[in-house]
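Colleague: Curious how this folds, go ahead:
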Amino acid sequence: MIERSRFGVKDWITLAGLDMKNEHWRELNLAQVDRHEVYKDIVRIHESSRGGIKSGKICWLYVSGYGHTVVSVRGLKDCQRSQILMDEAMRERVGLSQNDIGTRIKFHLQEGDWFDTILWMLWATDPAVRLPAWMAFLSLLLGLLAMGLALK
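Modeller: Numbering: from 1, shown residues only. Sure, this is the predicted structure:
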């Protein structure tokens, strides 16, 4: 059995078949998102670097040598095609810092499913997304509890 403390992000990436030699890994310059997109859990990447993933999709973002998180992917203008834009909260979640802005990072996007969309809503930095998601989740649990008690 694998000890949890010794099983890191690189191990999960290897298990998922996303090794560094895979053509799905891309390199772009890290930049800051616009002020109005801070704390929205958005990563902006030009469509040519998204591997066919459409704008607005919920995806897993893996950053080589750092970490991973669930993000909403949005597009970029052609003049910014060599950049990946993230806010401070997103950079912290994957282990990057303010000092990494302007450097090239190697990353991989993997399109999420319906469960990843729920995770994105529950973990959202923006309270306008996170709070209603938790209220809906708690309502579901209470409904299931009430149904279980009614059937008893």
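Colleague: Surely Thr125 is in a helix?
Modeller: No. Thr125 is assigned coil when assessed by DSSP: H, G, I helix; E, B strand; the rest coil, not a helix.
Colleague: Phi, psi for it please.
Modeller: With angles defined as degrees, to the nearest 10, Thr125 shows backbone torsions of phi -70, psi -40.
Colleague: Tally up the residues packed near it, please.
Modeller: 17 (other C-beta atoms under 10 Å). All C-beta atoms are positioned from the backbone trio N, CA, C, and that covers glycine.
Colleague: quick one: buried residues of stretch 31-46?
Modeller: By 16 or more other C-beta atoms under 10 Å, the buried positions in stretch 31-46 come out as 32-33, 37-46.
Colleague: May I have it exported as PDB, CA atoms only?
Modeller: Taking C-alpha atoms only, stretch 31-46 is exported to PDB below (Å, rounded to 0.1, in the frame of the first residue of the first chain):
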ATOM      1  CA  ALA A  31       1.000  36.600 -16.600                       C
ATOM      2  CA  GLN A  32      -1.500  38.200 -14.300                       C
ATOM      3  CA  VAL A  33      -5.200  38.300 -15.300                       C
ATOM      4  CA  ASP A  34      -7.000  41.600 -15.600                       C
ATOM      5  CA  ARG A  35      -8.200  43.200 -12.300                       C
ATOM      6  CA  HIS A  36     -11.900  42.400 -12.900                       C
ATOM      7  CA  GLU A  37     -11.100  38.600 -13.200                       C
ATOM      8  CA  VAL A  38      -9.300  38.300  -9.900                       C
ATOM      9  CA  TYR A  39     -10.800  35.600  -7.600                       C
ATOM     10  CA  LYS A  40     -12.900  34.100 -10.400                       C
ATOM     11  CA  ASP A  41     -10.900  30.800 -10.800                       C
ATOM     12  CA  ILE A  42     -10.400  31.600 -14.400                       C
ATOM     13  CA  VAL A  43      -7.300  30.800 -16.500                       C
ATOM     14  CA  ARG A  44      -6.900  32.500 -19.800                       C
ATOM     15  CA  ILE A  45      -5.200  30.600 -22.600                       C
ATOM     16  CA  HIS A  46      -5.300  31.100 -26.300                       C
END
